[in-house]
Each structure stands twice: as C-alpha cells, then as structure tokens.
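>>> give me coordinates for this.
(one chain, ligands or ions: 1)
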Amino acid sequence: MNWISNYVRPRINSLFSRREVPENLWIKCPECGSMLFHRELSDNLNVCTNCDHHMAITPRERFSKLFDGGTFTEVSVPAPIEDPLKFKDQKKYPDRMKIAQKTTGEKEAMLVAEGEMGRTPIVAACQDFSFMGGSMGMYVGNAIIAAAERAVELKRPLILFSAAGGARMQEGILSLMQMPRTTVAVDMVKEAGLPYIVVLTHPTTGGVTASYAMLGDVQISEPNALICFAGPRVIEQTIREKLPEGFQRAEYLLDHGMLDRVTHRNDMRDELITIVRMMLGLGPAVRGDLPAPEKKPAPKPDATPDAKPEAKQDAKADAPKPEAKPKPDAPKPDAQKKTPPQEAKKA
Ligand SMILES: [Zn+2]
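Numbers count the residues shown, from 1 in each chain. The predicted structure is shown next:
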C-alpha cells in the first residue's frame, strides 16, 4: 500500500492544488484604498488610476517604459568588497543582502543602463527603494561612477532616478564616503559639458539628498515625493513645533525654489526627451512609442561580451517588436550621432 500513500496521493494532490489564484492580482492603493488590477496598474506605470498616487516602481519596470521599445543594455558595475565591517545587528549583513537579492531579483540597489529614449541616446541610473531602502552603499557609489564614466565615454547625457532612505548603515563610514565620490562623478559629467538630470522619486532622503541627488542641472520630481535630509518627524521632535502642511513634499519644495519641475510619471519620458534635446541642441523630439533602436554592428573595443548583458524586457503583446522599422518621419539614430558633442555645451 506504500505506493498509494507515497506516490499516487501526492500526485493527485499536486494536480489539484496547483489552481491557486496568485495573491497579487489586485493591488490596493495605499492612498485612496481602491483595488487596482495589476496589469492596469503596471500599464499606468504604477500610478493609481483613481487618485494619481505614485506607487513605487522598480528600476527595470521604469527602464522598460523609458527606453524605446523597452530595450536597453545594462552597464556593468564593479563589485565592491563584501561586508567590510563584518556588520551584524539582528541579522548578519550578508544575510540581509541575500534576502534583498531574493525578494527583488536584483544584485544591488541601483541599475545602470544605456539606450535610446525618443531616439536620443542616454545613460540612465535608477535607484531601487525595494532593495534595502535603496540605501547608498559602496555598490551604489560604484554604479554612479560607472554611469558617469559611461556617459562621458559615449558623450551622452546622464539621467538619474533617485529613491533612498539614505546611507547604508551596515557599511558605516564607507557608505558616507560615497557622498564625495558621487559628487566627483557628477562633476566629471558636467566638466564634459553633458547634461546631468535628476528625477527625485518618493522618498529621497539622507545622504543621497546631500550628494548626487541635488546636483542636477535640472531637478525634477514626481508628485508628492518626500525629499529631505532629516525627515519631518525628526525635525518636529527637535524644534518642538508643528510643521506646515506638505512640508518637504515635492510641491512644497517647488514653491520654495528647491526644484525646477514636478512632473507626473506618465509625462516624465516626454519631458525628459524634450529637456535633454534642448540642452544638447538637437532638433525637436520624436514622439510616441518607438521601436527599439536597430543593432549597431560596431562593437565596443573595451566591452567584454559577458559584462554587458542584453536586457530585453518582457515585451507586451501590444508593444512594437524590436525588429519593426522606425516610422518614416522619425530621424535615424545615426543622423543624430553626427551632431558633435561640443554643441552640447549649453549656457
Ligand atoms: Zn489611489
């Protein structure tokens, strides 16, 4: 009878128990409480369709909507030494890293990519708040330096999406050292006459606000994002005063001259294209859902094939196929390449 209990029954059970409904088909908006279908939400870039609340979005999702045809190439980031302080609180730092890597599917808290956005070549870096609060450790520092070096090498603008709880305490002083390191990296981009644009997303706080996230030539924010060095609760407890409504939120900071723009996530791509092209002195932007740029035959001499894995994003059924020909009115990417980067030097 053993084979019945050991073999047949588990098989039958496994056949019938597989029909579970995935738990996260419906997502509740934390702001207005309405239930949103996951596909509807991701099509709307994780912005609530009812109240326009901007929910968190992963770097990969953001890049798949930012770059033409959702195609981009990851820029490899040198790995820093692991757990230099042998840090331990309730858990060991390497264990925390493993959990974060498992839950997010990412290596670290920042993703760097190069590609085209409205037929405008750019380098972009995006911080991942879901990975240990997007905390700025040595890897994030390395990522920003890699992004800046790549931008200078390719003579492309650098766009950075910030989201962080601040420095990574498990790396102690080494994480604080990333503030001057990233500042120097940003200076390198500026000295090359290339635009550096920062998009601040909710929340951008701590040492990140005190370094690369505030150094953009243009400072854009998503609506209602919390942007601060010390949070409102800490300030309230320190000065023992009630803070005004909307304190340290994007709109408040725009009113007080800390930001240039507050832009809805759905308009962000078009706005970035316009700003970048204006700063580079390029022609008017190409609008619409563009297919992925055609593969260029020239390989980069210094690029090792495995160092820059092609990151093709999950193409939606309605998304244009990468091999689709660009629209006839769309200028070829090669045509734009002829614009010498010296023209990029703006006032
Ligand atoms: Zn909502």
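>>> would you map the helices across the stretch 151-300 of the chain?
Assigned by DSSP state H, counting those that start in this stretch, the stretch 151-300 of the chain shows helices spanning 172-176, 178-191, 232-239, 250-255, 265-280.
>>> any chance of those helices in CSV, plus mean neighbour count, distance to the ion and mean pLDDT?
Any C-beta I mention is one placed from the backbone N, CA and C, and that applies to glycine too. Listed next are the helices of the stretch 151-300 of the chain as CSV, based on neighbours: other Cβ atoms under 10 Å; distance: least, Cβ to the ion, whole Å; pLDDT from 0 to 100:
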stretch, mean neighbour count, distance to the ion, mean pLDDT
helix 172-176, 16, 34, 95
helix 178-191, 18, 34, 97
helix 232-239, 11, 22, 92
helix 250-255, 18, 17, 96
helix 265-280, 19, 13, 95
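>>> S162: which of those helices is closest?
Closest of these to S162 is helix 178-191, at 10.6 Å (criterion: Cβ to Cβ).
>>> which strands and helices lie in contact with the closest one?
helix 138-154, strand 196-204 (3 or more Cβ pairs under 8 Å, 6 or more residues apart in numbering; DSSP states H and E).
>>> then it to CSV, C-alphas only?
What follows is helix 178-191, C-alpha atoms only, in CSV (Å, rounded to 0.1, in the frame of the first residue of the first chain):
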residue,chain,number,x,y,z
GLN,A,178,30.1,57.7,-1.4
MET,A,179,28.8,61.2,-1.0
PRO,A,180,32.1,62.9,-2.1
ARG,A,181,32.8,60.1,-4.6
THR,A,182,29.5,60.5,-6.4
THR,A,183,29.9,64.3,-6.3
VAL,A,184,33.2,64.0,-8.1
ALA,A,185,31.5,61.6,-10.6
VAL,A,186,28.8,64.2,-11.3
ASP,A,187,31.4,66.9,-11.7
MET,A,188,33.1,64.7,-14.3
VAL,A,189,29.8,64.7,-16.4
LYS,A,190,29.4,68.4,-16.0
GLU,A,191,33.1,69.1,-17.0
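>>> now that helix against strand 196-204, angle please.
With axes from the mean of the first three to the mean of the last three Cα atoms, to 10 degrees defining the directions, helix 178-191 sits at 150 degrees from strand 196-204.
>>> give me the residue from the stretch 101-250 of the chain nearest the ion.
Closest residue of the stretch 101-250 of the chain to the ion, Cβ to the ion: N224 (11.5 Å).
>>> setting aside sequence neighbours, what's the nearest residue to that residue?
Once flanking residues are discounted, N224 sits nearest to R249: 5.5 Å by Cβ to Cβ, 6 or more residues apart in numbering.
>>> partner residues bridging that neighbour?
Here R249 sits in beta bridges with L226, going by DSSP bridges.
>>> pull the contacting residues for it.
For R249, the contacting residues are N224, A225, L226, I227, by Cβ atoms under 8 Å, 6 or more residues apart in numbering.
>>> and the two most separated of the residues you listed?
So, those by Cβ to Cβ: farthest apart are N224 and I227, at 10.3 Å.
>>> kindly report the residues of this protein close to the ion.
C29, E31, C32, C48, N50, C51, H53 (Cβ under 5 Å from the ion).
>>> from these, list the buried ones, please.
By neighbour count, with 16 or more other Cβ atoms under 10 Å, the residues of the chain next to the ion hold C29, C48, H53 as buried.
>>> the first one against L36, yeah?
Yes. C29 lies in contact with L36 (Cβ atoms under 8 Å); the separation is 6.0 Å.
>>> redo the residues of the chain next to the ion as TSV? Include pLDDT and secondary structure.
Compiled in TSV, the residues of the chain next to the ion are given as follows (pLDDT from 0 to 100; DSSP: H, G, I helix; E, B strand; the rest coil):
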residue	pLDDT	secondary structure
C29	94	coil
E31	92	coil
C32	94	coil
C48	96	coil
N50	94	coil
C51	95	coil
H53	95	coil
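>>> so M177 sits right up against V140, yeah?
No. Assessed by Cβ under 8 Å, M177 is found out of contact with V140, at 11.6 Å.
>>> with adjacent residues omitted, what lies nearest to C32?
C51 (3.9 Å).
>>> wait, the one you found sits on S34?
Yes. Counting by Cβ under 8 Å, S34 is a contact partner of C51 at 7.3 Å.
>>> quick one: contacts for D260?
Contacts of D260 by Cβ under 8 Å, 6+ apart are V218, Q219, I220, L254.
>>> how about 7 Å then?
Applying Cβ atoms under 7 Å, 6 or more residues apart in numbering to D260 gives the contacts V218, Q219, I220.
>>> quick check: the residue of the stretch 51-200 of the chain nearest the ion.
Counting by Cβ to the ion, the stretch 51-200 of the chain gets nearest the ion through C51, at 3.4 Å.
>>> contacting residues for that residue?
Counted by Cβ under 7 Å, 6+ apart, C51 has contacts C29, E31, C32.
>>> over to it: give its phi and psi.
phi -120, psi 0 (degrees, to the nearest 10).
>>> can we start the residue count at 14 from this point?
Understood, numbering begins at 14; the last thing we discussed is C64.
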